[in-house]
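**Q** Following is a predicted model, sequence given first.
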Amino acid sequence: MAENVLQVRGLRKNYGNLEALRGIDFDVAPGEVFALIGPNGAGKTTALRIVATILRPTEGEIVVDGIDAVREPGRVRELISYLPEEAGAYKNMKAIDYLKFVAQVFFERREDVERALATAREVTDLGDRLDDKLGSFSKGMTRKLLLARTVMTSPRLAILDEPTSGLDVINALELRERIKSLARGGMSVLLSSHNMLEIEFLSDRVALISGGVIHEAGTPAELKDRYEADNLEQVFARVAGDDALIAALGTAGGEGGGAGVAS
Ligand code: ATP
């Protein structure tokens with residue numbers, strides 16, 4: 001078995017003349033949570049969609065558990081699961097029927113379907129509300145359901161684009177705890193988020209991407225150390241070289257001396 005669950009090398013993606021990814025490299029180890037962070041338009045979703053085999057790269061190598069994702073996307077799809085940022089679900093379907101439908105698409109054996117549903121029930125923690133139609137679900141409930149749908153197949157690698165976007169504090173915390181405990185159980189996670197608290201809480205390692213290039217990578221502690229920062233927001237501002245942002249966030253190094261709290 002390959003050492004890394006995911007290996008990305010020299011990944012490039014052009015949309016016409018636009019170079020969205022300009023040759024990025026990163027790895028994700030078993031049970032590791034790896035985050036891509038960066039400003040809007042940095043290339044995060046493009047990278048995630050390529051790893052999810054939805055987009056083809058212009059150039060580069062993506063290997064999942066030893067399998068080449070460009071040459072054998074079908075085999076890779078059996079190992080991964082993808083939660084898009086703007087995922088939807090069938091509003092007229094009962095939640096439980098939706099989960100069953102997805103599980104049956106993925107698994108043939110009844111016991112595998114049942115196991116996936118048991119996982120989904122646990123992850124959603126929605127109890128009897130699973131018998132309700134998805135159209136009656138709140139945003140938080142839908143997001144939980146979609147996360148459950150993503151992880152219930154026990155993927156080797158879950159690819160989560162902004163997993164808690166639009167959620168209230170409690171729901172976001174619950175979902176983060178879920179993701180963390182699934183990773184402790186051996187599932188690898190590749191995620192993107194704009195929420196630095198989320199990133200610090202969840203990620204073992206982080207890559208800062210901007211303009212389609214990875215500028216920095218390391219553990220949150222390493223990055224904070226390297227940039228003499230109190231938190232990842234400060235690291236982010238310093239890597240982006242945004243003086244106004246640096247001043248607003250303050251720095252542990254002393255120039256701004258602010259509280260380091262962004263609103
Ligand atoms: P955000 O944080 O805003 O979601 P992102 O880091 O996920 O941004 P991408 O969505 O990967 O960024 O976009 C990277 C670049 O590629 C942007 O300049 C974007 O406009 C461009 N892009 C993305 N998808 C397409 C597409 N289908 N066609 C053309 N250009 C695209």
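**A** Arrived safely.

**Q** use CA for all of it now, contacts and neighbours both
**A** Fine.

**Q** part of a helix, is Asn171?
**A** Yes - counting by DSSP: H, G, I helix; E, B strand; the rest coil, Asn171 falls inside a helix.

**Q** For the stretch 151-263 of the chain, just list every one of the helices.
**A** Per DSSP state H, counting those that start in this stretch, the stretch 151-263 of the chain carries helices over the ranges 169-184, 196-202, 220-226, 232-240, 243-249.

**Q** Any idea which of those helices gets closest to Val151?
**A** Smallest distance to Val151 across the helices of the stretch 151-263 of the chain (Cα to Cα): 8.3 Å, for helix 169-184.

**Q** Are there helices or strands packed against the closest one, and which ones?
**A** helix 196-202 (3 or more Cα pairs under 8 Å, 6 or more residues apart in numbering; DSSP states H and E).

**Q** Run the contact check for the helix it packs on versus the ligand.
**A** No - contact of helix 196-202 with the ligand (Cα under 6 Å from any ligand atom) is absent, the minimum separation being 13.0 Å.

**Q** Buried ones in that helix, by neighbour count?
**A** Of the residues in helix 196-202, Met196, Glu198, Ile199, Glu200, Leu202 count as buried by neighbour count, 16 or more other Cα atoms under 10 Å.

**Q** Between the residues you listed, which sits nearest the ligand?
**A** Among these, Met196 lies closest to the ligand (Cα to the nearest ligand atom), at 13.0 Å.

**Q** Might you list the low-confidence residue ranges for the stretch 1-150 of the chain?
**A** 1-2, 87 (pLDDT under 70).

**Q** Looking at the helices of the stretch 151-263 of the chain, which one is packed in the most?
**A** helix 232-240 (a mean of 21; mean count of other Cα atoms under 10 Å).

**Q** So for Ala262, what's the pLDDT?
**A** Looking at Ala262, its pLDDT is 33.

**Q** which one is Gln7 nearest to, not counting chain neighbours?
**A** Asp27 (4.5 Å; Cα to Cα, 6 or more residues apart in numbering).

**Q** The one you found: how many residues sit nearby?
**A** 19 (other Cα atoms under 10 Å).

**Q** Now do the contacts for it.
**A** Asn4, Val5, Leu6, Gln7, Val8 (Cα atoms under 8 Å, 6 or more residues apart in numbering).

**Q** In TSV: the helices of the stretch 151-263 of the chain, plus mean pLDDT.
**A** TSV is the format used below for those (pLDDT from 0 to 100):
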stretch	mean pLDDT
helix 169-184	90
helix 196-202	90
helix 220-226	94
helix 232-240	84
helix 243-249	61
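
**Q** Just put these in CSV and tack on distance to Glu162.
**A** Shown next, in CSV, are the helices of the stretch 151-263 of the chain (distance: least, Cα to Cα, whole Å):
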stretch, distance to Glu162
helix 169-184, 11
helix 196-202, 10
helix 220-226, 18
helix 232-240, 17
helix 243-249, 22
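
**Q** nearest to Leu36, of these?
**A** Taking the helices of the stretch 151-263 of the chain one by one with Cα to Cα, helix 196-202 is closest: 9.0 Å.

**Q** where does the residue sitting nearest the centre point of the chain land on pLDDT?
**A** Of all residues in the chain, the one closest to the mean position by Cα atoms, centre = their mean is Leu191, 1.8 Å from it. You'll see Leu191 listed with a pLDDT of 96.

**Q** Cool, thanks, talk later.
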